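Q: sequence unknown, structure follows:
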């Protein structure tokens, strides 16, 4: 049920010694072909980690990749020229092991920002990983484990279609915000896919799934979502079939990301409907998802709908037109605010379920969008007050 | 040292019974003239509380006010037509007591959103307040106490100039964000001021003081900052003198707001300098101030400068041009990031002082701006998980 579910891929996760904990911290994914198609979506942060710059350039040079090497323990971000050189050296080392061009090796890093990566541990770790590569479910699972940072569980998914498969792994628990998340995600498929189709499909699916998660409003320097296609099934799905499957697996992985958000005790789906356009609905849902006050209220199992309204009112009218007097807010099925005034009693709302559904009907059209977030808890504060020290 | 410091003003704070705690919850400020000049700055939230709509309309009808009535315990927001009628009835009741026009009475409310205000307590409370009005410092202090919600201390300030004075009170501890804060603020002066000057001066000072506080990213439905001028000193300051004094008193009140932010253990001044324009500097500082991850790091006394950089990188280039390789970041005097790479050791940074200074030099110009925020603590989560329940 992971990146080795699709034919043509081997993977592994090993302990390279990058994490002080001694936990697995280096993953390698190799595409054995026959195709070596690759597509990527990256952070839009202007402060970009060296591995993101490397991988973006490598894909720009040619939409192909033989391997992806991913490390946890260090983000290799804000590390200056040394960081740039280290990312390039990592790719060159793996390329040497596989006998391919360095630009056919993509690099992903996650962990603390601003500390140089320990190349003396990383490169021998890559050698170990090469020897451990396997096409088994266990090997895929080990890769998903090795990319974890404060994740509490590895996150994998796969969807099987008629003779072809997409598998994937993802990591990320904080810094989840517009423009992806502190997220590393690798999808693999044995379908026969054109490079242009792969890129367009990945970008579209990411925009509607992982890019609609806003855990804590903080955008990472390292976000990377990759799709590798081996073509090993020999089957060429239609564009629609491929899009549907990529959307399904990325949606499932994104949902797991939300469920493992740092300190979260509730997953919150904020759906804006009755909007003038999907863009307007997304903007409004994203704005509401950023309210610390609302997120604290949900942590306290308090259906404090006033915090939905007060946050909704900060969306500029030109971005999302609506009349506040036409708005309905429904929390877990109870319409607590109707047409500009109080609706059903808040006492009717059961806030105990882990999944909290907040539906905001703007009464201004027929478009809709859902953004996922999570509650803001003592656990989040504890985790993030002490992450580097 | 409060709203009664300026000649021509009486005030009080009483217990009307709006708060379940039984604490003071109703304040009245009366301008005895000879002038009745008034100016106001209000929330830009599209979801606007009834008292804000009332006061905005009252000032639009004429830049004058005889009195301001302020209650805590209920925000009278999202309360539909009933809320609108209640705000108007409150003004009419006070106007009847004072023998003035209802539009010469401004109304401010703060508290829980979405519950109708208890007029059966409010109106008798106004009668009690009228009888208790006094020009003493104690009376001004009582007014500052009566507008508190989760504030832990009343907040007052005054500045004396050559023969004239500005006094003020403010409340607000959460929902402090761009476009003011959950803030009620009343300034009083005995200077002789033209209405147009009063409005322009207040708007300019608010934009550079209380509007540069971003406690938790949540904009309120009820924000109101008022300036009342009695002219009782007989002195007409120059526009520059007035602007300087208003800026000083609003700055002092804003600083107290930050210091009392919900659960905060550190006040954080984020200064962006070397910017292409003041607007660019403010936008960048505001963006960094919104990082929950950074705010948690400061709570943990962790000089995690990577979280400054990763958040800075989310400012759009057209809003604030800079080259990440030219940026310096200095935390409490230690330049931990210099020209795109690590600088002095993070171990040199003393994070223990309550006041934390983060200076970001963009190297892109000579403009600067400071936005204040505070750390994100367990206390914030506790307060906001349980506010209405």
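A: Structure's in. What do you need? What you see is a predicted model, and the numbers here were worked out from it, not measured in a lab.

Q: so which helix or strand takes in residue A:296?
A: Applying DSSP states H and E as the criterion places residue A:296 in helix A:292-299.

Q: Could I get the contacting residues of residue A:104?
A: A:36, A:58, A:62, A:64-67, A:95 (CB atoms under 8 Å, 6 or more residues apart in numbering or on different chains). Quick note: C-beta positions are derived from backbone N, CA and C, even for glycine.

Q: Out of those residues, which end up buried?
A: A:36, A:58, A:64-67, A:95 (16 or more other CB atoms under 10 Å in any protein chain shown).

Q: For stretch A:341-361, the averaged confidence score.
A: Mean pLDDT, computed over stretch A:341-361, is 93.

Q: For that stretch, which residues meet the burial criterion?
A: A:342-343, A:346, A:349, A:351, A:356, A:358-361.

Q: From the contacts of residue A:104, pick the one nearest residue B:226.
A: Proximity of the contacts of residue A:104 to residue B:226 (CB to CB) peaks at residue A:58, which lies at 59.1 Å.

Q: Grab the nearest non-local neighbour of that closest one.
A: If the residues on either side of it in the chain are set aside, residue A:58 comes closest to residue A:103, at 4.3 Å by CB to CB, 6 or more residues apart in numbering or on different chains.

Q: likewise residue A:196?
A: Per CB to CB, 6+ apart, closest to residue A:196 is residue A:63, 7.7 Å.

Q: Now do the same contact list for that neighbour.
A: Applying CB under 8 Å, 6+ apart, the residues contacting residue A:63 are A:37-39, A:195-196, A:198-199.

Q: So of those, which two are at opposite extremes in space?
A: Taking CB to CB, no two of these sit farther apart than A:38 and A:196, at 12.1 Å.

Q: Could you check which of the two has the larger neighbour count?
A: residue A:38 (26 against 11; other CB atoms under 10 Å in any protein chain shown).

Q: Wait, the more buried one touches residue A:202, no?
A: No: Residue A:38 lies out of contact with residue A:202 (CB atoms under 8 Å); the separation is 9.7 Å.

Q: Out of the contacts of residue A:104, which is nearest to chain B?
A: The nearest member of the contacts of residue A:104 to chain B, counting by CB to the nearest CB, is residue A:58 at 20.7 Å.

Q: Could you give me the buried positions within the strand or helix carrying the closest one?
A: Using DSSP H and E, residue A:58 sits in helix A:50-61. Within helix A:50-61, the residues scored as buried using 16+ other CB under 10 Å are A:50-56, A:58-59.

Q: Can you tell me what sits against stretch A:10-17?
A: Contacts of stretch A:10-17 (CB under 8 Å, 6+ apart): A:2-4, A:22-30, A:32, A:71, A:118, A:121-122, A:124-126, A:128-129, A:132-135, A:139-147.

Q: which of these are buried?
A: Of those, these count as buried by 16+ other CB under 10 Å: A:2-4, A:24-30, A:71, A:118, A:121-122, A:125-126, A:129, A:133, A:135, A:139-147.

Q: Looking at the buried residues of stretch A:341-361, which are in strands?
A: A:342, A:356, A:358-361 (DSSP state E).

Q: which two in the residues you listed are spaced the farthest apart?
A: For those, and using CB to CB, no pair is farther apart than A:342 and A:356, which are 19.8 Å apart.
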